[in-house]
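In: Give me the fold of what follows.
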Amino acid sequence: MTIYMRITVNGKRADMSTGRECESSKWNSRAGRAFGTKEEIKSLNNYLDGLQTKVRNAHQVLIDSNQMITTENLQNQFLGKTEKSRYLIQLFTEHNAKVKALIGNGFEANTLKGYNTSIKHLTGFLQKEFGRGDIEIGLLNHSFITDFEFYLRTDCKCSGVSAAKYVKHLKKIVNYCIANSWLKQNPFINYKSTAKAKERTYLTQQELDSIAGKKFSIERLAQVQDIFVFCCYTGLSYADVQKLKRNEIGIGVDGDQWIFTNRQKTQTSSRTPLLPAAIEILTRYEDHPQCGNKGLVLPVLSNQRMNSYLKEIADLCGIIKHLTFHLARHTFATTVTLSNGVPIETVSKMLGHTVLKTTQHYAKILDVKVSQDMARLKSKYATINKPNY
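Out: Model prediction:
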């Protein structure tokens, strides 16, 4: 009879021929060896002992390399049919190195900062849950993802939106592995984030007028005030107004001044007609030395300093909202444009959004716009239903 070797892991088994035979009468099924004292029996048993040792060694290799212990992996390791093991943190680190090399050419420093934070959180999660600093990608499953999200929300105190961002970073690495056929199954296939986007804050027209009309004797506050109000009337982000050059102000199709620039975040074009309030601010800085030397439109400080001074401005203007520079962009989308009847498609184009869905987040929060639209509808119905005497 032919002697077979069986490997069993968690109830799953694989049978392989040992390439040896033995008479049934000389086989001890309990011991898994032949019995007898002849030299050929000893040679057979020594061979079988060697196979068993080889299986144990293969098992140890899988353990040492943090690979999943399965019947298939153990059999492949035993037979020498092994592929290069790939690990999550190692792949993530390689990804971040490429992002770093492309900063200024498709990626920004803040993007890399977010990816590095993702590695930090993943490493902490692996140490807590698995007692190791890295993990073979084949071990990733639905449970890994949901447990990681829970870890972010509890141990790391991340908000739902922040946790969703870090999980999204993980998904990018997983998709890269799937594209390279390193993962047989997508661990995200049954995963759905429950995080809801935070409601975007913006200034009302009254609050915007309060800031724009305030007179500051302190130059640094007056300067930040002007740049913030300029962005409220143009929709530029901090990164975009910081790099805005004078040669990006030109004449549009209507014969008036427009901004022609590319968004630093998405590299999409943004074309925005300048409103009178924005033109007035530009005029004030035509002879500013910091602007003239670098060909810039406005003397923008660091984002940290701008936000710090905005807090002072908010206090002095009686604004109780948490004033940050990005609030200007939200204000342009809501109070300045959508609330005044500018079509959402036009607003999306001026903001440089790549998809309309991004702009729709602003439209959802405009109760004032809903009120105005319904008032026009009420007026229409009142005219239609008005009795004739």
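In: what are the ranges of the helices in the stretch 1-150 of the chain?
Out: Taking DSSP state H, counting those that start in this stretch to define them, one finds helices in the stretch 1-150 of the chain at 39-64, 71-79, 88-101, 109-130, 142-154.
In: Which one of those lies nearest to Y166?
Out: helix 109-130 (4.8 Å; Cβ to Cβ). All C-beta spots, glycine's among them, are computed from the backbone N, C-alpha and C.
In: now for the closest one, which elements pack on it?
Out: helix 88-101, helix 142-154, helix 160-179 (3 or more Cβ pairs under 8 Å, 6 or more residues apart in numbering; DSSP states H and E).
In: Now do the buried residues in the second one.
Out: Residues 144-145, 148-149, 151-152 are the ones in helix 142-154 that count as buried (16 or more other Cβ atoms under 10 Å).
In: now it: how far from the chain's centre is it?
Out: 16 Å (Cα atoms, centre = their mean, to the nearest Å).
In: angle of that helix against helix 88-101?
Out: 60 degrees (axes from the mean of the first three to the mean of the last three Cα atoms, to 10 degrees).
In: who's in contact with helix 142-154?
Out: Helix 142-154 is contacted from outside by 121-122, 124-125, 128-129, 158, 160, 162-164, 166-167, 170, 187-191, 193, using Cβ atoms under 8 Å, 6 or more residues apart in numbering.
In: do the last one as well
Out: Contacting residues not belonging to helix 160-179 are listed as 86, 88, 91-92, 95, 114-115, 117-118, 121-122, 137, 140, 145, 148-149, 152-153, 156, 158, 183, 186-188, 193-198 [Cβ under 8 Å, 6+ apart].
In: residues near M306, how many?
Out: M306: 20 surrounding residues under other Cβ atoms under 10 Å.
In: ok, it touching E312?
Out: No - at 11.1 Å, M306 does not count as touching E312 under the criterion of Cβ atoms under 8 Å.
In: which non-adjacent residue is nearest A278?
Out: Sequence neighbours aside, Y233 is the residue nearest to A278 in space, at 4.3 Å (criterion: Cβ to Cβ, 6 or more residues apart in numbering).
In: And the pLDDT at the one you found?
Out: As predicted, Y233 sits at a pLDDT of 94.
In: what residues are up against it?
Out: 274-275, 277-278, 332, 336.
In: Include neighbour count and secondary structure when you put those residues into JSON lines, please.
Out: Below are these laid out as JSON lines (neighbours: other Cβ atoms under 10 Å; DSSP: H, G, I helix; E, B strand; the rest coil):
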{"residue": "L274", "neighbour count": "19", "secondary structure": "coil"}
{"residue": "L275", "neighbour count": "17", "secondary structure": "coil"}
{"residue": "A277", "neighbour count": "16", "secondary structure": "helix"}
{"residue": "A278", "neighbour count": "22", "secondary structure": "helix"}
{"residue": "F332", "neighbour count": "27", "secondary structure": "helix"}
{"residue": "V336", "neighbour count": "22", "secondary structure": "helix"}
